[in-house]
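# my questions concern the predicted model and sequence given below.
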Amino acid sequence: TAVGCGSSGGDQTVLGFSQVGAESGWRTANTKSIQDAAAAAGIQLKFADAQQKQENQIKAIRTFIQQRVDVIAFSPVVASGWDTVLKEAKDAKIPVILTDRAVDSADTSLYVTFLGSDFVEEGRRAANWLVDATKNSTDTVNIAELQGTTGSAPATDRKKGFQEVIGADPKFKIIASQTAEFTRAKGKEVMQAFLAAHRDINVLYAHNDDMALGAIQAIEEAGLKPGKDIKIISIDGTRDAFQAMADGKINVVVECNPLLGPKLMEITKEVVAGHPTPKRIVTDEGVYTQDQAAAALPTRTY
Ligand code: GYE
């Protein structure tokens, strides 16, 4: 894993950041937001791309500790297995900020704050749309689900929030559910397998836009109409998804904001100044449907 190696000049704050990878449009926007915001804030950023591997993130964090950066921030690819390396950072007295994804460590003193979305709520919002869209019928609704990276907070929580809401009505049935790792290529591949095994899918719930966009290709190649023959629910709200929604191919997008850079730099400065920070900072997000897509498209910033 590549770790930037600029020397820390004078009293400039140095932030080591370990990113998940470049798996999605969301991630690309998140990386750019962090890099731009660091430059704007005059913070020296050491950026490491973990290519979706936890071991690479652990290595990057250890390198940051050796380099004695002022603050470490990272977006954990999976939720578990961080206690040891986080204790190492704590022992070295380097504060850690979690961004985007949470860890499941019982000891919350291992990090100063967690900045990011409420993924359980996103799952609920996705399901609430479906409950409303099918409220006038008692027919069975067969759902196929494309899950995000196994063991990641957004995959676990988006599944949980969705299930919590649809679980109240037995007409909703998840007939297929598998990971497609948050990527377009896997989204297409797994959807192809779903379509080969099931002729009766009414709804696709994709944990992110990239998987939904990949699945749309599979659905079209199977001679079906995405958004009509199979209703599509997605999460993130990238420009590509808004375009697909304006084209009638996605029915609803639950927003998940990747533009965490400015807030992350603000928190970094607070932490360096020794000011207390809230333990949890939740991002503000909306839900968008087809009737809003065309109008919202020009204002989408990612
Ligand atoms: O939804 C997905 C990305 O952690 C919220 O990761 C993030 C998720 C996002 O790959 O597109």
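Alright, I've got the coordinates. This one's a predicted model, so the numbers in the text were calculated from it and none came from an experiment.
# which strand or helix spans G16?
strand 14-19 (DSSP states H and E).
# can you pull out the residues in contact with that strand?
The set of residues external to strand 14-19 that reach it, using CB atoms under 8 Å, 6 or more residues apart in numbering, is 3, 8, 27, 30-31, 34, 38, 43-50, 56-57, 60-61, 63-64, 67, 69-75, 265, 268. Every C-beta, even on glycine, is put in place using the N, C-alpha and C of the backbone.
# from those residues, which are also near the ligand?
Intersecting the contacts of strand 14-19 with the surroundings of the ligand, defined as CB under 6 Å from any ligand atom, gives R27.
# which ones among the contacts of strand 14-19 map onto strands?
The members of these that map onto strands under DSSP state E are Q44, L45, K46, F47, A48, D49, V71, I72, A73, F74.
# the third one against D70, yeah?
No: the pair K46 and D70 fails to qualify as a contact (CB atoms under 8 Å) at a distance of 10.5 Å.
# closest one to the ligand out of the ones in strands among the contacts of strand 14-19, please.
When the ones in strands among the contacts of strand 14-19 are ranked by distance to the ligand (CB to the nearest ligand atom), F74 comes first, at 11.9 Å.
# over to the closest residue to the ligand within the stretch 51-200 of the chain. Which of the three states is it?
Of all residues in the stretch 51-200 of the chain, F182 sits closest to the ligand, at 3.7 Å by CB to the nearest ligand atom. For F182, the assignment made with DSSP: H, G, I helix; E, B strand; the rest coil gives coil.
# measure it to V165 for me?
Taking CB to CB, to the nearest Å as the measure, F182 falls 22 Å from V165.
# which ones are touching M191?
Applying CB under 8 Å, 6+ apart to M191 gives the contacts A144, L146, A180, L204, G214, A215, A218, I219.
# confidence score at it?
On pLDDT, M191 comes in at 98.
# what do you get for the one 3 residues further on?
At F194, the pLDDT value in this model is 98.
# please identify the helix or strand for the residue nearest the centre of the chain.
When CA atoms, centre = their mean is applied to the chain, the residue found nearest the centroid is P154 (5.7 Å). P154 belongs to helix 153-166 when assigned by DSSP H and E.
# swap in Y288?
With secondary structure defined by DSSP H and E, Y288 is part of strand 287-289.
# ok, then the element right after that strand?
Reading on from strand 287-289 to the C-terminus, the next helix or strand found by DSSP H and E is helix 290-296.
# need the three-state assignment for the closest residue to D169 other than its chain neighbours.
What sits nearest to D169 in space, not counting adjacent residues and going by CB to CB, 6 or more residues apart in numbering, is V131, at 7.1 Å. Reducing the assignment at V131 to three states with three-state DSSP gives helix.
# go ahead and confirm V131 touches V165.
Yes: at 6.4 Å, V131 and V165 qualify as touching, with contact defined as CB under 8 Å.
# any part of the strand holding G16 near the ligand?
No: contact of strand 14-19 with the ligand (CB under 6 Å from any ligand atom) is absent, the minimum separation being 10.7 Å.
# strands paired with that strand, and their directions?
Partner strands and pairing direction for strand 14-19 (DSSP bridges) are strand 44-49 (parallel), strand 71-74 (parallel).
# pLDDT of the first one, averaged?
When you say that, I think you mean strand 44-49. Mean pLDDT, computed over strand 44-49, is 98.
# one more: the shortest one?
For strand 71-74, mean pLDDT rounds to 98.
# and L115, that one's in a strand?
Yes: secondary structure of L115 (three-state DSSP): part of a strand.
# and it, how many residues sit next to it?
For L115, the count of nearby residues is 21 (other CB atoms under 10 Å).
# helix/strand/coil for the residue lying closest to it once chain neighbours are set aside?
When the adjacent residues along the chain are set aside, L115 lies closest to I281, with 4.5 Å between them (CB to CB, 6+ apart). At I281 the chain is in strand, as set by three-state DSSP.
# what confidence value was assigned to I281?
At I281, the predicted lDDT confidence score is 97.
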